[in-house]
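A.B. asks: Predicted model and sequence below, questions to follow.
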Amino acid sequence: MSEIVVGYDGTEGAKAGLEKAVEFAKALGDKVVIVFGYAPGGYGGGEVRAQREAAEELGEKLTKEANEIVSAAGVDHEIEMINERGAEALSDVASKRDARMIVVGSYGESPLAGAVLGRTAYKLVHVAERPVLVVRA
Amino acid sequence: MESAAVPVEAGGVAPGDKGLKSGALGYLSNLVIGVASTAPGYSLAATLGFVTAVAGMGFHAPAIMIVSFIPMLLIAAAYSYMNKADPDCGTSFTWVTRAMGPRLGWLTGWAIVAADVIVMATLAYIAGVYTFLLFGLDAAATNTLDISIAAAVWIALMTWICWRGIELSARIQYFLLGMEIFVLALFAVVALIQVYSGSAGLHAVHPALSWFSPFGIPGGSTALIDGVLLGVFIYWGWDSGVCVNEESDNTSNGPGRAAVMSTVLLVLIYVVVSVSAQAWNGPNFLSNNSDDVLSALGGKVFGSPLDKLLIIAVLTSASASTQTTILPTARTTLSMARFGAIPKAFGRIHPRFLTPDVSTITMGVVSLIWTLFILNVSQNVLNDSITGLGFQIAFYYGLTGFACTIYYRKEIFKSFRNFIMVGVAPFLGGLLLTGIFVKAFHDYKTTSTVVNYTGGIVGIGTPVAIGVGLLVFGAILVVVSNFVYPEFFRRKRETAPEGFLEGPATGPAVDTVTPE
């Protein structure tokens, strides 16, 4: 049994990604690992605790939502919250667990914007050491 | 085969494990953040002319750069130690709340937000003017409507960037900051060479040792204190580098050294640039061009097209400064919301960007309104608002100093180091800033246009009306908030845990916003 790491932030793209992850997990007999990176967004260089706490709370809410979806599908799963930014969080968890793949959603936005804005899916395909599956919403 | 969800803390992937985030780069990034958040290029462009224009300043602007730094250094100790106990993004707001109670804490939060909103007007103004100058649109650079439009676009863009949580890569930041420092240094060197070779301005003067002395200023202590109030503004933001990111570095020495280095670098930049700037064509030239000193001088010292370098340096500096204004403000209100001191909505986090979105956008909108208002009232009101800012900064920095001594009061006498670093230094910093506040209040409350740029509002000097007036308004809001958020205002004062400063460094003293 291997593991499939999936990012979930409650958006349409993330839902599509989660569904696909569940589908693969069922077919392959894998476990789904729902990952949420709660490191606060924006320029660092200061103390960010309240922001991180808020992000963590949000993460708990969102992963609970994902948990329900995966539970309903009857797939073995786990939640991992990690103090890193989205793409790094997914990539690191996947490497640590030697996951079969990482699944994330995408919104079909402009590739240039994706590069400039550092969108998770865009960044992930470049930093991840494990295979990445990008699912379009 | 269903299993319960087990939240697992990140195991072997602590941030410190990643080569890039610790060690040498951590030190360098702390240095960069320290210098960048003070934005030397922008600070000089915005304030140097006002410092030389203080009545009776004479040639002593460089002395102001040195003297203003002293209270900031003392307050930095307070920042560093309070951050150790409570690394919260509410900074002074949380620390003053814990040490001195919710009322003063709330007022501190208010002062931070008010100062940040006010500074946005001058930031956006400088950004607008210098953008036009960069493209040779000199007519637009003096047209209020054009400047207003540029300023509005600037604020909207910067707010959007903060809302999206976009960060420049570390490498780009180093490049931009490196360029800023290089250009400022080049400017200073070229200007001085021209001064000594006789090719500088008509009113060029050779630098003299007396320029560095706070004694013998023609205007005496009044000019000194009034200058220092502006100087406090120049160094404002420097604390960001001091309270180094808890996650960037776990080693105890790195951040400290970076803070010291960035400080030395800053003082050096300010002193050297102010010396060469006033040597090139005399201080009066700076006073007469106080709105855009660096572009006025740059054109003459560098000539075209090299003068554009200086303009670009000011622009990158202003953009860094805008970001380090919007984001910390948004984080302050986020923290206040989580403390239950202001409406909960300000504590909202964007699900994808994980930034405080309501706080960020509110900050953008409020500062946009303020900026358009002040730009269209008059240029002189904008000038006076910079002086006014000094009051708010002195207020909350001063309280932060006192808060540190009070919070650690039981630890002060445990070692000589504690006595100096958490006892004497922060308290003295607080006293100095209080003194500056009071003296400057007396000097600037006049409606005389010799001291101020405008004749005052409702019979009181504009800097005081804006600076102190908003603090008084904040005090009224505290009274009102007492009824709306009774829970917050019932908070008890806290002190540092027994022996917190002794022994090996452990985690922060307080883990959450809730009191024990």
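C.D. replies: All right, it came through fine. Numbering: from 1, shown residues only, chains lettered A, B, ... in the order given.
A.B. asks: how far away is A:A27 from A:A73?
C.D. replies: A:A27 sits at a distance of 12 Å from A:A73 (criterion: C-beta to C-beta, to the nearest Å). Backbone N, C-alpha and C define where each C-beta goes, glycine included.
A.B. asks: residues shared between the contacts of the two?
C.D. replies: Listed as contacting both A:A27 and A:A73 by C-beta atoms under 8 Å, 6 or more residues apart in numbering or on different chains is no residue at all.
A.B. asks: out of the two, which sits in the busier spot?
C.D. replies: Per other C-beta atoms under 10 Å in any protein chain shown, whichever of A:A27 and A:A73 has more neighbours is A:A73, with 17 against 8.
A.B. asks: ok, the more buried one - contacts?
C.D. replies: A:V22, A:K26.
A.B. asks: any idea how far it lies from A:A66?
C.D. replies: Distance of A:A73 to A:A66, computed by C-beta to C-beta: 11 Å.
A.B. asks: give me the low-pLDDT residue ranges for chain B?
C.D. replies: Residue ranges of chain B with pLDDT under 70: B:1-27, B:29-30, B:33, B:168-170, B:239-260, B:503-507, B:511-516.
A.B. asks: longest helix in it, by residue count?
C.D. replies: The longest helix of chain B (DSSP state H) is helix B:253-288.
A.B. asks: Contacts for stretch B:177-191, please.
C.D. replies: Contacts with stretch B:177-191, where a contact means C-beta under 8 Å, 6+ apart, come from B:32, B:35-36, B:40-41, B:44, B:200, B:265, B:269, B:272-273, B:275-277, B:279-280, B:294, B:297-298, B:301-302, B:309-310, B:312-313, B:316-317, B:320.
A.B. asks: If you could redo that for stretch B:468-488, that was the one I meant.
C.D. replies: By C-beta under 8 Å, 6+ apart, the list of residues contacting stretch B:468-488 reads B:102-103, B:106-107, B:110-111, B:114, B:118, B:339-342, B:388, B:391-392, B:395, B:441, B:457, B:460, B:489.
A.B. asks: Okay, buried residues for it please.
C.D. replies: Neighbour counts over stretch B:468-488 (16 or more other C-beta atoms under 10 Å in any protein chain shown) mark B:V468, B:G469, B:L470, B:L471, B:G474, B:V478, B:S481, B:Y485, B:F488 as buried.
A.B. asks: can you check stretch B:364-373 too?
C.D. replies: Here stretch B:364-373 shows B:G364, B:V366, B:S367, B:L368, B:W370, B:T371, B:L372 as buried, counting by 16+ other C-beta under 10 Å.
A.B. asks: So which of those belong to helices?
C.D. replies: B:G364, B:V366, B:S367, B:L368, B:W370, B:T371, B:L372.
A.B. asks: what are the phi and psi values for the nearest residue to the second one once chain neighbours are set aside?
C.D. replies: In this case it means B:V366. Leaving aside its sequence neighbours, B:V366 sits nearest to B:V117 (C-beta to C-beta, 6 or more residues apart in numbering or on different chains; 5.6 Å). Here is the backbone geometry of B:V117 (degrees, to the nearest 10): phi -70, psi -40.
A.B. asks: what's the weakest-modelled helix or strand in chain A?
C.D. replies: Across the helices and strands of chain A, mean confidence by mean pLDDT, DSSP states H and E is lowest for helix A:111-117: a mean of 72.
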